[in-house]
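Undergrad: Build me a model from this:
(one chain, ligands or ions: 1)
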Amino acid sequence: MTKNNIEPVRLMANENPFGPSPKALAAINEQSQNVHCYPDWVPQTLKEKLAAKNQVPLKNIMVSAGSYELINLISRFLVNRDEEILTFDNTFIAYSLSAKRNGRKCVIAHMSGPDCNLENLISLCTNKTRVIFFANPNNPTGTIVTHDSLRNLLETVPDNVLVVVDEAYCEYVTDESYPDSRQLQKDFSNLIILRTFSKIYGLAGLRIGYGIASEKLVKILAKNQILRSINLLGEKAAEAALDDVEYINHSASHNSKERAYLFNELKQLGFVVNESQANFQYLPFPDNEQKNNVYETLDKDGLKVCDLEIFGHEKSLRITIGQSETNQRIIDCLSRI
Ligand SMILES: Cc1ncc(COP(=O)(O)O)c(C=O)c1O
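TA: Here you go, the predicted model:
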């Protein structure tokens with residue numbers, strides 16, 4: 001509870017505001033009887049379900065302890081010490097952090113606005129570049145790279161440059177120009193797709209995600225993965241969540257309706273907003289004073305949004321789209337400023 005007896009709402013980590021799917025919860029309850037047992041060496045059933053869902057062969061699926069594990073494995077085992085990782089300055093911090101933690105050089109392309117401009121990346125590509133990382137939709141700006149731009153990037157960079165597209169928020173996208181990355185992956189073996197159960201599937205606390213990549217890359221990553229890094233509850237909850245189509249559809253349609261509501265209301269209140277394709281809204285400010293004022297006003301009302309300064313991005317906030325009542329609270333609170 002806050003000082004004013006208001007229940008705080010988590011709007012800082014882009015989690016599903018409806019909690020876990022009922023089917024996943026039932027699986028977790030059932031499996032809680034078995035947590036004294038090790039999980040299988042390979043989460044075979046989950047892999048099979050993911051291959052069927054994504055219409056890709058089993059050999060192209062790699063299950064991981066969240067996307068973080070895959071980002072780390074890629075930075076560590078697919079990039080040599082004298083090679084470079086390339087990413088953007090206003091994207092998910094895990095890419096540059098994992099480069100740093102693994103002693104890999106990270107080249108950062110500047111974003112002059114909310115969009116990830118792939119032409120910029122191409123111009124920074126050298127014969128040392130080994131991996132390109134970006135998020136689509138991008139975190140924190142919520143913008144997307146289109147199918148044509150991604151295809152152009154893949155056609156332009158040499159085959160030995162791995163293009164990692166992190167699709168943590170893909171289930172929220174409604175824009176039809178969004179890439180069909182699974183199709184592109186069939187044509188370009190240097191494309192790696194990252195997906196997670198932490199966002200729309202509501203399982204962030206169980207650390208489960210997966211990648212889609214060429215058989216050769218999957219083999220290298222799997223060989224270097226910590227043995228049994230995927231826990232039993234995560235594996236079984238993910239299997240059940242994949243079957244909870246009703247929950248996923250409801251989460252996605254609620255999000256697109258509320259995203260439009262927040263965007264329009266924020267715009268009317270005079271905020272600078274760009275259209276988001278994810279489950280959050282990016283709010284840039286002209287200075288830190290104005291940002292702090294908005295942050296503190298929301299915070300006092302128990303609305304815990306993300307001050308992007310913790311990721312080294314000044315003058316901006318990111319607000320996770322919540323349940324309808326929460327979004328109205330955000331707007332009511334900001335109209336009082
Ligand atoms: C773009 C992006 N990728 C990955 C993640 C983390 O995924 P996971 O929980 O699967 O490690 C996040 C979390 O905020 C994210 O924004």
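Undergrad: give me the number of residues near the residue in the stretch 1-150 of the chain positioned nearest to the ligand?
TA: Nearest residue of the stretch 1-150 of the chain to the ligand: Gly66, at 2.9 Å (CB to the nearest ligand atom). Heads up, the C-betas are built off the backbone N, CA and C, glycines and all. Close neighbours of Gly66, defined as other CB atoms under 10 Å, add up to 24.
Undergrad: ok, and the closest non-adjacent residue to whichever residue of the stretch 201-337 of the chain sits closest to the ligand?
TA: Nearest residue of the stretch 201-337 of the chain to the ligand (CB to the nearest ligand atom) works out as Gly209 at 3.8 Å. Spatial nearest neighbour of Gly209, excluding adjacent residues (CB to CB, 6 or more residues apart in numbering): Thr196 at 3.9 Å.
Undergrad: shouldn't the one you found be in contact with Gly211?
TA: No. The criterion here is CB atoms under 8 Å, and Thr196 misses it with Gly211 at 9.9 Å.
Undergrad: Contact partners for the residue of the stretch 1-150 of the chain closest to the ligand?
TA: Listed by CB atoms under 8 Å, 6 or more residues apart in numbering, the contact set of Gly66 reads 196, 198, 204, 207-209.
Undergrad: Model confidence for it, exactly?
TA: Looking at Gly66, its pLDDT reads 98.
Undergrad: Now do it against Phe311, distance only.
TA: 18 Å (CB to CB, to the nearest Å).
Undergrad: do Leu221 as well
TA: Distance of Leu221 to Phe311, computed by CB to CB: 26 Å.
Undergrad: Between these two, point out the one with more neighbours.
TA: Leu221 (21 against 18).
Undergrad: before we move on, which element is the more buried one in?
TA: Using DSSP states H and E, Leu221 falls within helix 215-224.
Undergrad: hmm, who's touching that helix?
TA: Residues contacting helix 215-224 (CB under 8 Å, 6+ apart): 57, 59-62, 70, 73-74, 76-78, 162, 189, 192, 211, 213.
Undergrad: Okay, buried residues for that helix please.
TA: For helix 215-224, burial by neighbour count (16 or more other CB atoms under 10 Å) applies to 217-218, 220-221.
Undergrad: what's the average pLDDT for that helix?
TA: Averaging pLDDT along helix 215-224 yields 98.
Undergrad: May I have that helix as PDB, with CA atoms only?
TA: Extracted in PDB, the C-alpha atoms of helix 215-224 (Å, rounded to 0.1, in the frame of the first residue of the first chain):
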ATOM      1  CA  GLU A 215      20.000 -26.100 -36.900                       C
ATOM      2  CA  LYS A 216      23.700 -25.300 -36.900                       C
ATOM      3  CA  LEU A 217      23.300 -22.300 -34.500                       C
ATOM      4  CA  VAL A 218      20.700 -24.100 -32.300                       C
ATOM      5  CA  LYS A 219      23.300 -26.900 -31.800                       C
ATOM      6  CA  ILE A 220      26.100 -24.500 -30.800                       C
ATOM      7  CA  LEU A 221      23.800 -22.700 -28.300                       C
ATOM      8  CA  ALA A 222      22.300 -25.900 -26.900                       C
ATOM      9  CA  LYS A 223      25.800 -27.400 -26.400                       C
ATOM     10  CA  ASN A 224      26.800 -24.300 -24.300                       C
END
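Undergrad: So is stretch 154-174 next to the ligand?
TA: Yes. Shown here: stretch 154-174 in contact with the ligand (CB under 6 Å from any ligand atom) through 166, 168.
Undergrad: which ones are touching the nearest residue to Thr126 once chain neighbours are set aside?
TA: The spatially closest residue to Thr126, leaving aside those adjacent along the chain, is Glu84, at 7.3 Å (CB to CB, 6+ apart). Glu84 is in contact with 104-107, 126, 128-130, counting by CB under 8 Å, 6+ apart.
Undergrad: among the buried residues of helix 215-224, which two are most distant?
TA: Distance extremes for those: the farthest pair is Val218 and Ile220 at 7.5 Å, using CB to CB.
Undergrad: Asn34: neighbouring residues, count only.
TA: Asn34 has 12 nearby residues by other CB under 10 Å.
Undergrad: What residues does it make contact with?
TA: For Asn34, the contacting residues are Leu232, by CB under 8 Å, 6+ apart.
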